[in-house]
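Asks: sequence first, predicted coordinates after that:
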Amino acid sequence: MEKIKMTTPLVEMDGDEMTRIIWKMIKDILILPYVDLKSEYYDLGLEYRNETDDKVTFDSAYATKKYGVAVKCATITPNADRMTEYNLKEMWKSPNGTIRAILDGTVFRAPIIVKGITPYIPTWTKPITIARHAYGDVYKNTEMQVPEGSKCELVCTDKDGNEIRQTIHEFDGSAGIIQGLHNIDKSISSFARCCFNYALDTKQDIWFATKDTISKKYDHRFKDIFNEIFAAEYKEKFDAAGIEYFYTLIDDAVARVVRSEGGYIWACKNYDGDVMSDMVATAYGSLAMMTSVLVSPDGTYEYEAAHGTVQRHYYKHLKGEETSTNSVATLFAWTGALRKRGELDGLDDLCAFADKLEKATIKTIEDGTMTGDLYLLSSLENKKKVNTEDFLLAVNENLKAML
Ligand code: NAP
Ligand code: MG
């Protein structure tokens, strides 16, 4: 078979530990034999980040802006232990944080659903994709513990020096706590556009919810911005695509999500997204089956797995012990990026290859061959646990039969 040709490179961001091992296996076994891969390679492994004073992370993000599509391996976010382990010059920032700030994007997380693994909410037969606003609110707050007798006010000084004051609370009879939050229209607007674009891109309805009945200015501003942008820029496109934008109160949203069958995007404010994404991921069964894509408002896409570098498995691997690490989310990051490259460049055979590789992966698991994490969860009777590499080799057998 002749290898599938690519026209534009995709940005390849290599990473750390067990996922770095898996990265190479995926490429060697499932990509390079079939695709004449054009990629611009950036090594985001911690050693090279340290060597380049983290410049490589910035460069990879700028390259993503340039080419429009990236695939990223999980990376270590250094902490005190890693400073000693890797003899770091500095405690470098989270690469994901750096890339997100440069691309000004929104992260969409969606589970990969397979027969035999029933979500804890069994009616969830389709994926629920969570989109989390990644700027402001309680994550950039100012807070104080205040003594009894304090009068606390909210003061805003405009650019002409005029002050607007409102009392938050007079602490008569008890000490207490206060907190100042903010968000900016520009970021909320970017978030809204990312969400509407992604809904159109994936042909799914989108839900958004806040507590606007209680927070009549703050949360209401989110609701208004979403509504205005939808009406002005997306209503007609949504009608044409046969999808819907649905706004409701956060309490109502939670109740509807639990009763739903899935199959939509749930856009969440920063804190709601933090909490709900962990709940949704857990309910679907396994973090190793969760994909993640960072989408910017101008339409660049960075695909990755939602899990980390699986450090515990890596240390086993280093000791020469066999591992059974799940490669599915990392593999789907690759298929997501290849498909998007194919869509943008009009390469139907590249899109078809990505589809078949995903089908071959799901078929492998549904036929009973899986890694240890899924083996523990699966209700299949004929299930078999395999090691990290044998799983990918089994996917390759199914893939060959489909090509
Ligand atoms: P983790 O790598 O997600 O792994 C936590 C545990 O979840 C593993 O020990 C394993 O459980 C299970 N697990 C996760 N992915 C799995 C997979 N593909 N197959 C099988 N089991 C899987 O989180 P962590 O150990 O807390 O973090 C390790 C490093 O990853 C940290 O340095 C952190 O900074 C980094 N991290 C990076 C990203 C990213 O780049 N996006 C995200 C999160 C964390 P068992 O041990 O029970 O088998
Ligand atoms: Mg969380």
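Replies: Good, I have the coordinates. Ligands and ions are numbered 1, 2, ... in the order given.

Asks: C-alpha from now on. contacts and neighbour counts both.
Replies: Fine.

Asks: next one: stretch 20-39 to chain centre, how far?
Replies: 22 Å (Cα atoms, centre = their mean, to the nearest Å).

Asks: oh, I was asking about stretch 164-171
Replies: 39 Å.

Asks: change the start of the numbering to 9 and stick with it
Replies: All set: I'll call the first residue 9, so the last point we hit is now stretch 172-179.

Asks: buried stuff in that stretch?
Replies: For stretch 172-179, burial by neighbour count (16 or more other Cα atoms under 10 Å) applies to Phe179.

Asks: now do that stretch: everything it contacts.
Replies: Applying Cα atoms under 8 Å, 6 or more residues apart in numbering, the contact partners of stretch 172-179 are 155-165.

Asks: could I get the residues you listed as JSON lines with secondary structure?
Replies: Output for these, formatted as JSON lines (DSSP: H, G, I helix; E, B strand; the rest coil):
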{"residue": "Pro155", "secondary structure": "coil"}
{"residue": "Glu156", "secondary structure": "coil"}
{"residue": "Gly157", "secondary structure": "coil"}
{"residue": "Ser158", "secondary structure": "coil"}
{"residue": "Lys159", "secondary structure": "strand"}
{"residue": "Cys160", "secondary structure": "strand"}
{"residue": "Glu161", "secondary structure": "strand"}
{"residue": "Leu162", "secondary structure": "strand"}
{"residue": "Val163", "secondary structure": "strand"}
{"residue": "Cys164", "secondary structure": "strand"}
{"residue": "Thr165", "secondary structure": "strand"}
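
Asks: tell me which two of those residues sit farthest apart.
Replies: Maximum pairwise distance in those, criterion Cα to Cα, is 26.4 Å, between Glu156 and Thr165.

Asks: looking at these two, which is more packed in?
Replies: Ranked by neighbour count (other Cα atoms under 10 Å), Glu156 and Thr165 place Glu156 first, with 13 against 10.

Asks: run a quick check on that one versus Ile185, I expect a contact.
Replies: No - at 10.2 Å, Glu156 does not count as touching Ile185 under the criterion of Cα atoms under 8 Å.

Asks: got the residues of the stretch 309-411 of the chain near ligand 1?
Replies: 314-320, 333-335, 381 (Cα under 6 Å from any ligand atom).

Asks: where exactly do the helices run in the stretch 259-408 of the chain?
Replies: Under the criterion DSSP state H, counting those that start in this stretch, the stretch 259-408 of the chain contains helices at 278-291, 319-326, 336-353, 356-374, 380-385, 396-410.

Asks: and of the ones you listed, who's closest to Ala82?
Replies: Of all these, helix 336-353 sits nearest to Ala82, with 8.5 Å by Cα to Cα.

Asks: in that closest one, what's buried?
Replies: Neighbour-count burial for helix 336-353 flags 336-350 (criterion: 16+ other Cα under 10 Å).

Asks: likewise for stretch 262-281?
Replies: Buried residues in stretch 262-281, counted by 16+ other Cα under 10 Å: 265, 268-281.

Asks: what of stretch 20-34?
Replies: The neighbour-count check on stretch 20-34 (16+ other Cα under 10 Å) flags 20-31, 33-34 as buried.

Asks: which one among the residues you listed gets closest to Asp227?
Replies: Compare each of those with Asp227 using Cα to Cα and the shortest gap goes to Met21, at 36.4 Å.

Asks: isn't that closest one right up against Cys81?
Replies: Yes - counting by Cα under 8 Å, Met21 touches Cys81, with 6.0 Å between them.

Asks: residues contacting the spatially most central residue of the chain?
Replies: For the chain, the residue sitting closest to the mean C-alpha position, by Cα atoms, centre = their mean, is Ser300 at 3.0 Å. The contact partners of Ser300, taken as Cα under 8 Å, 6+ apart, are 115-118, 311-314, 341.

Asks: kindly state the beta-bridge partners for it.
Replies: Ser300 forms beta bridges with Arg117, Glu312, as assigned by DSSP bridges.

Asks: the stretch 109-258 of the chain: helices as residue ranges?
Replies: Here the stretch 109-258 of the chain has its helices, by DSSP H, counting those that start in this stretch, at 193-210, 226-237, 243-249, 258-267.

Asks: how far out from the middle of the chain is stretch 19-28?
Replies: Here stretch 19-28 shows a centroid-to-chain-centroid distance of 16 Å under the convention Cα atoms, centre = their mean.

Asks: show residues contacting that stretch.
Replies: 31, 47-54, 68, 71-72, 75, 77-84, 316-319, 321-322, 325, 335, 338.

Asks: so how do I select the buried members of those residues in ChimeraX?
Replies: A single ChimeraX command selects the buried members of the contacts of stretch 19-28 (16+ other Cα under 10 Å):
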select :31,48,50,51,52,53,54,68,71,72,75,77,78,79,80,81,82,83,84,316,317,318,321,322,325,335,338
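
Asks: show me the contacts of stretch 19-28 that map onto helices.
Replies: Using DSSP state H, the members of the contacts of stretch 19-28 that fall in helices are 31, 54, 68, 71-72, 75, 319, 321-322, 325, 338.

Asks: could those be laid out in CSV, adding pLDDT?
Replies: Formatted as CSV, the ones in helices among the contacts of stretch 19-28 follow (pLDDT from 0 to 100):
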residue, pLDDT
Trp31, 98
Leu54, 98
Ser68, 98
Ala71, 98
Thr72, 98
Tyr75, 97
Gln319, 97
His321, 97
Tyr322, 98
His325, 97
Thr338, 98
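
Asks: from these, which single one is nearest ligand 1?
Replies: For the ones in helices among the contacts of stretch 19-28, the residue nearest ligand 1 by Cα to the nearest ligand atom is Gln319; the value is 5.0 Å.

Asks: tell me who's in contact with that closest one.
Replies: 25-26.

Asks: how far away is it from Ala345?
Replies: Going from Gln319 to Ala345 by Cα to Cα, to the nearest Å gives 25 Å.

Asks: who in the chain is up against ligand 1?
Replies: Checking the chain against ligand 1 by Cα under 6 Å from any ligand atom, the hits are 82-85, 296, 314-320, 333-335, 381.

Asks: and the closest residue to Ala360 other than its chain neighbours, what does it touch?
Replies: In space, Ala360 comes closest to Arg347 once its chain neighbours are excluded; the distance is 7.8 Å by Cα to Cα, 6 or more residues apart in numbering. Shown in contact with Arg347 (Cα under 8 Å, 6+ apart): 358-360, 362-363.
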